[in-house]
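>>> Based on what follows, work out the 3D shape:
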Amino acid sequence: MTRRAVRVTPELFLRLDEQLPAERGPRGEPTAAEFAASDLLIIVERFATLWDALPMPFAGRREYRDLILTTRLVPYASIRGQLAPDGAIELIDIDIDLYGLADPDSDESDE
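Predicted coordinates for the structure are as follows:
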């Protein structure tokens, strides 16, 4: 199995800050720091070991790959990686969808 070096770009951290709150949200939304310290480590590992198997979002552009997954903290995350000239993978973009997090004020047993 080929294992590649992975770098998380500053732009990805900016995107995390845009999408996740600074304090834990009322529906259990994780903070950007919690996501970076937990789920981002799993994402880095997946890119490092699965690069060649990940789908290419652009036809004919083998230097880009996407990873779409459910993590421990968020229901849906889509991350884009780009192969750098030195052979490392740079994580350049992330979209997080929090749809599906449980609302702590709802009582599903009443339905």
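
>>> who touches the helix or strand hosting residue 79?
Element membership of residue 79 [criterion: DSSP states H and E] is strand 76-83. Residues outside strand 76-83 that contact it (Cβ atoms under 8 Å, 6 or more residues apart in numbering) are 6, 12, 39, 43, 47, 51, 54, 57, 62-71, 89-97, 99-100. Quick note: C-beta positions are derived from backbone N, CA and C, even for glycine.

>>> can you do 6 Å?
Contacts with strand 76-83, where a contact means Cβ atoms under 6 Å, 6 or more residues apart in numbering, come from 43, 47, 63-69, 71, 89-97.

>>> likewise stretch 59-69?
Stretch 59-69 is contacted by residues 46, 54-55, 57-58, 77-83 when judged by Cβ under 6 Å, 6+ apart.

>>> got a winner among the residues you listed for most neighbours?
Greatest neighbour count in these, by other Cβ atoms under 10 Å, goes to residue 81: 29 neighbours.

>>> What does the pLDDT read for that one?
Residue 81 carries a pLDDT score of 97 in this model.

>>> List the beta-bridge partners for it.
Using DSSP bridges, the bridge partners assigned to residue 81 are residue 65, residue 91.

>>> can you start the count at 268 instead of 1 from here on
Done: numbering now begins at 268, and the last item shifts to residue 348.

>>> what's near enough to touch residue 364?
If you count contacts by Cβ under 6 Å, 6+ apart, residue 364 has them with residue 343.

>>> now do 10 Å
Contacts for residue 364 (Cβ atoms under 10 Å, 6 or more residues apart in numbering) come out as 286, 337, 341-345.

>>> Make CSV from those residues and add pLDDT and distance to residue 293 to it.
Below are the contacts of residue 364 laid out as CSV (pLDDT from 0 to 100; distance: Cβ to Cβ, whole Å):
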residue, pLDDT, distance to residue 293
286, 95, 16
337, 94, 21
341, 93, 15
342, 92, 16
343, 94, 19
344, 96, 20
345, 97, 24
